[in-house]
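Engineer: coordinates only, sequence not included:
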């Protein structure tokens, strides 16, 4: 295994060592006497976790000695006994705050100035911590509750018989229990009676959120109540259970929907649960690839978040352990307990090892860091979106996107490191390794992980739409085609396609108009002059139109060359990135600009012909009007055919791949305005394509000579075919635009 794979395991083992040290010390206090000594549970000198372990052990020791009575030592005593606490001249602010909390709970009036005067450099974090919710629990309390483990399978609590442990965290333990009065199995969460989780969950009724039945309170001690929250029992275990089982049997490259279902089934079998549910749903999931399975689970969780956010409820603790699975592999979100999040919530070895901090957004980590003034109330729905991105990255690859930090001297340093990681973002190599050819899924997850909140998905529903496309696979094939053929190579040649789509209609129209004008508008005496004028005008107009059209084509052609080289060129220059960024606005409207140039050229020709012929030859007033009208109608007809021909290729070939490249490079921040404009242009050109040829035929039949009737009949048939072709192309363009709408 490579160094990159070893690094997270090494760091997690350090966090595990830290958590076990604190829990064992807390358990030793429960078994006292004799009173445990800190040095007996402290890692050896030189250990990377020694100083942080010392801080956490002192928190537990402080808590227990304050409970024991008025002779509890003060922080100064610990600083005297453990000089290493004062690295960089300061005691960790969370340790100071632990003593402040304990003194307040013991009934003392604590003046913050007593501490800020002693530690002036810590005045800011101590002030922020002191302004936090007074109900928060210190990390020592969490460790003590976890070590105590008061309830165990076989116990009876109120109306419930505890059958087995479903999950355990720093804040609560969840049991499979039998509710005696209702004779039903429930998931019973036992936690301290604080927060607004029951009231929060009572608002939520969604198929991907676990349904809560009710709550009860019991008195554990005179000062402390326990909450019994009982909810729907979901038999498939947690997403973390499934991930751990899959990691133990195969590498992520070999995972499939069937692997996932097997892991869920094994969990149920171990608990004596029968595998029921809709067999068709299970078969459908078993047939999916792993990226499709990840997209399906992600879509379910995104919809759950969208629903909760619509009720003004943030989750704030999204992680695999808080996602339950049905026997059919459906995901259900649970545990909204940190909706009352405070400054230090999650900042403890137990909470870190339990997995909350690694899934947090950079702004939520700042909430946990006393060095920042950000409050829990400042968090938005997009913080949950970030956490879902971390979860989906881990689900896809088996590893979390961001490396675990090495335990540092204090929690502030750890949180600063984690925040910086998220703000810098993932290296390109790790992104490429994680997603491979699954470009659309890459876009969905990486947009969740954007450091800037405003660049993430606005809602879970937006994310769900993209993930639904990832699950079906259709949009991925559109944006990132893999087939190579002569047809595709030719259609991706922007200059060639535009040349064909503009020259052929213009040449045919010029041939027809020339013959028509010679017969209908130009006197016999002026035929020679007309031909000379035609050569001059065409000699200027066609090259000029070509240069103008080429100026619009070349940037798109350059972007398409970048797309073709994408697999061979790992990093783009800023200029190349700007070319790609601009191309998604240019490509859809290339047909419109080509059509506009054609109309202008034909309009000017319709003015120049009669002016020159009338000045140097003979031309009747009727001929003046006929020249101008015939050229304008021909120009509009050419414009319609050019627009639909170029635009069809643009939205079916160029725009798809340009969007795909922009997604891959992280350059797409929203729906290109050109696509919105194109939606309005299509029906206008449809009307032009239908009305102008038919109007031209009608006028020519009315005003033309008898000898031209046969030619006019042929033109009528050709016009009908052209109109039908334009309508068909319009439908194809609109169909592709509707498919691309799923991206936005």
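Structural biologist: Perfect, thanks for sending it. In this text, all values refer to a predicted model and were calculated from it rather than measured experimentally. Residues are numbered from 1 along each chain as shown.
Engineer: spatially nearest residue to the residue lying farthest from the centre of the chain, not counting backbone neighbours?
Structural biologist: Largest separation from the mean C-alpha position in the chain: residue 525, at 72.2 Å (Cα atoms, centre = their mean). Using Cβ to Cβ, 6 or more residues apart in numbering and skipping the chain neighbours, the partner closest in space to residue 525 is residue 618 (6.3 Å). For every residue, glycine as well, the C-beta is placed using N, CA and C.
Engineer: hang on, that neighbour in a helix?
Structural biologist: No - counting by DSSP: H, G, I helix; E, B strand; the rest coil, residue 618 is located in no helix; its state is coil.
Engineer: so what's the residue farthest from the centre of the chain scoring on pLDDT?
Structural biologist: Residue 525 is assigned 73 on the pLDDT scale.
Engineer: ok, it touching residue 613?
Structural biologist: No - if you go by Cβ atoms under 8 Å, residue 525 and residue 613 don't touch, sitting 10.8 Å apart.
Engineer: which residues in this protein form strands?
Structural biologist: Ranges of strands in the chain, per DSSP state E, are 156-157, 160-168, 172-179, 184-192, 212-219, 225-231, 323-325, 331-333.
Engineer: name the stretch among the ones you listed that sits most buried.
Structural biologist: Comparing those by mean neighbour count (mean count of other Cβ atoms under 10 Å), strand 323-325 ranks first with a mean of 27.
Engineer: who's in contact with it?
Structural biologist: 210, 234, 236-240, 242, 264, 297, 301, 331-334, 391 (Cβ atoms under 8 Å, 6 or more residues apart in numbering).
Engineer: ok, and the most crowded of those?
Structural biologist: residue 301 (30 neighbours; other Cβ atoms under 10 Å).
Engineer: any idea how far residue 530 is from it?
Structural biologist: According to Cβ to Cβ, to the nearest Å, residue 301 and residue 530 sit 72 Å apart.
Engineer: who touches residue 228 in this structure?
Structural biologist: Residues near residue 228 by Cβ under 8 Å, 6+ apart: 157-158, 160, 188-190, 215-218.
Engineer: before we move on, the earlier item: indicate which one of the strands of the chain is closest to residue 452.
Structural biologist: Closest to residue 452 of the strands of the chain is strand 331-333 (Cβ to Cβ; 25.3 Å).
Engineer: just the helices in the stretch 501-650 of the chain please.
Structural biologist: 527-564, 574-586, 590-616, 621-649 (DSSP state H, counting those that start in this stretch).
Engineer: any idea which of the ones you listed is most buried?
Structural biologist: Of those, the one with the most neighbours on average (mean count of other Cβ under 10 Å) is helix 621-649, at a mean of 22.
Engineer: so what does that helix touch, helix or strand wise?
Structural biologist: Contacting helix 621-649 under the criterion 3 or more Cβ pairs under 8 Å, 6 or more residues apart in numbering; DSSP states H and E are the following elements: helix 494-520, helix 590-616, helix 673-703, helix 709-740.
Engineer: if we go to 10 Å?
Structural biologist: Secondary-structure packing of helix 621-649 (3 or more Cβ pairs under 10 Å, 6 or more residues apart in numbering; DSSP states H and E): helix 486-491, helix 494-520, helix 527-564, helix 590-616, helix 673-703, helix 709-740.
Engineer: and of these, who's closest to residue 153?
Structural biologist: helix 709-740 (52.6 Å).
Engineer: would you check that residue 690 makes contact with residue 684?
Structural biologist: No - if you go by Cβ atoms under 10 Å, residue 690 and residue 684 don't touch, sitting 11.1 Å apart.
Engineer: so those two - more neighbours on which side?
Structural biologist: residue 690 (17 against 12).
Engineer: grab the nearest non-local neighbour of the more buried one.
Structural biologist: residue 723 (5.2 Å).
Engineer: what of residue 178?
Structural biologist: Nearest non-adjacent residue to residue 178, counting by Cβ to Cβ, 6+ apart: residue 161, 4.6 Å away.
Engineer: if I look at that neighbour, how far off is residue 155?
Structural biologist: For residue 161, the distance to residue 155 - Cβ to Cβ - is 8 Å.
Engineer: on the pLDDT front, check the residue nearest the centre of the chain for me.
Structural biologist: The C-alpha lying nearest the average C-alpha coordinate of the chain belongs to residue 448 (Cα atoms, centre = their mean; 3.1 Å). Listed pLDDT for residue 448 reads 94.
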